[in-house]
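Chemist: Have a look at this fold, sequence not included:
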C-alpha cells in the first residue's frame, strides 16, 4: 500500500487526504478515518473510483493515471459502504461491489479489518437496494425482480440449484391459502396488482415446478404448486 497523492481529487469527492492507494485499484480505503458521535462510531469503507458507460460495467478509475477524456459518455462515481458501531451492534450499510484482490479476498472484508473489526463481528447488514454498485453481483443461480404489489418496492427472489428452483415471494405470496382463494387484500399497497401477481407466480410455479416458500404459512411453509382446471393446489415439499 502507498499513500494516496490525489489530494485534490479525493477532497473534491469527499475522501480523506491521507488514505491508502491499492496497487490494483484506486481505493481510498478510509481505513484510519472514522467519525465518533457520542458512543457511536462511523467508518466509511471506501471501495474506490470508477467509470460507468452504457455497458454498465464498473471500470476502476485512477485519477493519477487515467484521463476522463479517454472514457467518453461515462459517469464517474465512488463507492462507499459504511460500518456503524453502536453500543449493541456493528452495522454494515450496503455491501459494495463485491470485488476481490489477488488473494481472492473481498476488499470489503479488508476494510472492515482495517477499521479494527473482523467481518464476522458484523451483526446487522442493512441494504438500501440491490443495484450492483450497492450489493455486488448476485451469485449465479439467484435472481430477483421488483414486484411492487404488497409495498412500492417489494422484491421477490428465485434461487436455482442443479435440480430445484425455489421461489420466495415475501408478502406477494405469503401463504398457500392466498393462491387457493382469489381476493384483494386491504393491507397491500396495490391490492389488485398483488392479487394478479399471486396468480402469475402461481401459474409459473406450477408450470416450471418451483418450490414456493411461504413466509406467513401456518403449516405448509414450502410446497409445489399445482394448477388444474383453473384451480390451484399445494403439495408440501
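Modeler: Looks like it came in fine. The shown structure was predicted, so the numbers you read here are calculated from the model rather than taken from an experiment. Numbers count the residues shown, from 1 in each chain.
Chemist: Would you mind splitting this protein into its domains for me?
Modeler: 2-135, 142-236 (automatic domain parsing).
Chemist: The longest one - what's its average pLDDT?
Modeler: Spelled out, that is domain 2-135. What domain 2-135 shows for mean pLDDT is 77.
Chemist: Now do the contacts for residue 148.
Modeler: Counting by Cβ atoms under 8 Å, 6 or more residues apart in numbering, residue 148 touches 154, 189, 190, 193. Any C-beta I mention is one placed from the backbone N, CA and C, and that applies to glycine too.
Chemist: Return the member of those nearest to residue 231.
Modeler: For these, the minimum distance to residue 231 (Cβ to Cβ) is 22.0 Å, reached by residue 193.
Chemist: Please, which helix or strand holds the closest one?
Modeler: Assessed by DSSP states H and E, residue 193 sits inside helix 191-208.
Chemist: What is the helix or strand following that helix packed up against?
Modeler: Next along the chain after helix 191-208, taking DSSP H and E as the criterion, comes strand 211-213. Where contact means 3 or more Cβ pairs under 8 Å, 6 or more residues apart in numbering; DSSP states H and E, strand 211-213 is packed against strand 165-168, strand 222-228.
Chemist: Let me have the ones you listed in a markdown table, adding mean pLDDT, distance to residue 135 and mean neighbour count as columns.
Modeler: Output for these, formatted as a markdown table (pLDDT from 0 to 100; distance: least, Cβ to Cβ, whole Å; neighbours: other Cβ atoms under 10 Å):
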| stretch | mean pLDDT | distance to residue 135 | mean neighbour count |
| --- | --- | --- | --- |
| strand 165-168 | 96 | 16 | 17 |
| strand 222-228 | 96 | 25 | 16 |
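Chemist: Export these as a markdown table, with columns for distance to residue 130.
Modeler: Below are these laid out as a markdown table (distance: least, Cβ to Cβ, whole Å):
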| stretch | distance to residue 130 |
| --- | --- |
| strand 165-168 | 14 |
| strand 222-228 | 23 |
